[in-house]
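J.: Here you go, sequence then predicted model.
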Amino acid sequence: MILNIKRDASVESFEVSGSTLLDLLDNIKHTKDPSLAYSSGCRSGVCGSCAMVVDGVEVLACSFKPSGGELVEPLRNSPIIRDLVVDMSKALEFNAKAKAYLNEPNAIKIDPASVINELQSSCILCASCYSVCPVYAINGEFLGPFALTRVWKYVSDKRESDPKSKIDNIQQNGIWDCTLCNACTLVCPQGISSKADIEKLRAKSSQYGYMDPNFSSFGFGGGFDGGTFF
């Protein structure tokens, strides 16, 4: 089959065989072009290192099965190091910036089954959600999907001793900047809905007295101005 790969500003086509996209890339590197650069690790869909874009959609190369003629590109919204390899360090740093970790835990006895949300814990940090996020594309300081998902993981954890500090920390460039477009959910290989987690964080924020700052631009002042309605 034919596989098209975007390298710098050009697209190169290769005739290769294999089952998964990662197989095809390995075939190209071993038999046709040893200079081709891409990332891979576990080959089992759990390390997230082989995330890339195929025909405009974020996928894991180790699990995606091409039918032929696809265009393969590096993840979006991250600096390209070479070919299909991108620098994801900035996105990964948002975990620390968002305080997506457990503070000093409460000294209480709880049911272990209620400690951690299993779904949020399955995030593999592949950064597909950052690649597809329209907000992160225009605001490089937006905390972003997987960081906010992890914040919800700990805010909802009964062991967390200071959930308010995490809520305070995600008001700027955080939950209110998200457009709730759900694009992150659609490309997540683990089926995590960051959109749903952000909605939960907004609800929790309202419990601490926060509200969407965008509402202030509507100028709700009450009263009827006698205008004409159609």
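T.: Alright, I've got the coordinates.
J.: So Arg150 versus Asp212, what's the distance?
T.: Computed as C-beta to C-beta, to the nearest Å, the Arg150 to Asp212 distance reads 22 Å. (C-beta placed from N, C-alpha, C; glycine too.)
J.: The two: who's more crowded?
T.: Legend: neighbour count by other C-beta atoms under 10 Å for Arg150 and Asp212, higher for Arg150 (24 against 12).
J.: Could you check how far the helix or strand hosting the more buried one is from the centre of its chain?
T.: Element membership of Arg150 [criterion: DSSP states H and E] is helix 145-155. Per C-alpha atoms, centre = their mean, to the nearest Å, the displacement of helix 145-155 from the mean C-alpha position of its chain is 11 Å.
J.: after it comes which helix or strand?
T.: helix 163-169.
J.: Could you pull out the buried residues of the very next helix or strand once past that following helix?
T.: With elements assigned by DSSP H and E, the helix or strand that comes after helix 163-169 is helix 183-187. Across helix 183-187, burial judged by 16 or more other C-beta atoms under 10 Å covers 183-185, 187.
J.: Are there helices or strands packed against helix 183-187, and which ones?
T.: strand 57-60, helix 128-132, helix 194-207 (3 or more C-beta pairs under 8 Å, 6 or more residues apart in numbering; DSSP states H and E).
J.: got these as CSV, with mean neighbour count columns?
T.: Below are the helices and strands packed on helix 183-187 laid out as CSV (neighbours: other C-beta atoms under 10 Å):
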stretch, mean neighbour count
strand 57-60, 22
helix 128-132, 27
helix 194-207, 19
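J.: nearest to Gln120, of these?
T.: helix 194-207 (6.8 Å; C-beta to C-beta).
J.: How is the protein divided into domains?
T.: 2-86, 89-213 (automatic domain parsing).
J.: Show me what the helix holding Arg150 is packed against.
T.: helix 89-97, helix 118-121, helix 128-132, helix 163-169, helix 194-207.
J.: And those helices: which comes nearest Gly56?
T.: Nearest to Gly56, of all those, is helix 128-132, at 9.3 Å by C-beta to C-beta.
J.: For Leu3, which three-state class applies?
T.: When classified by DSSP: H, G, I helix; E, B strand; the rest coil, Leu3 comes out as strand.
J.: give the contact list for Pro145.
T.: Each residue near Pro145 by C-beta atoms under 8 Å, 6 or more residues apart in numbering is listed here: 129-130, 133, 184, 194, 198.
J.: ok, so of these, who is nearest Leu119?
T.: Using C-beta to C-beta, the contacts of Pro145 come closest to Leu119 at Ser194, 10.9 Å.
J.: so how far is Phe215 from that closest one?
T.: From Ser194 to Phe215 the distance is 22 Å (C-beta to C-beta).
J.: With Val155 instead?
T.: Taking C-beta to C-beta, one finds Val155 at 22 Å from Phe215.
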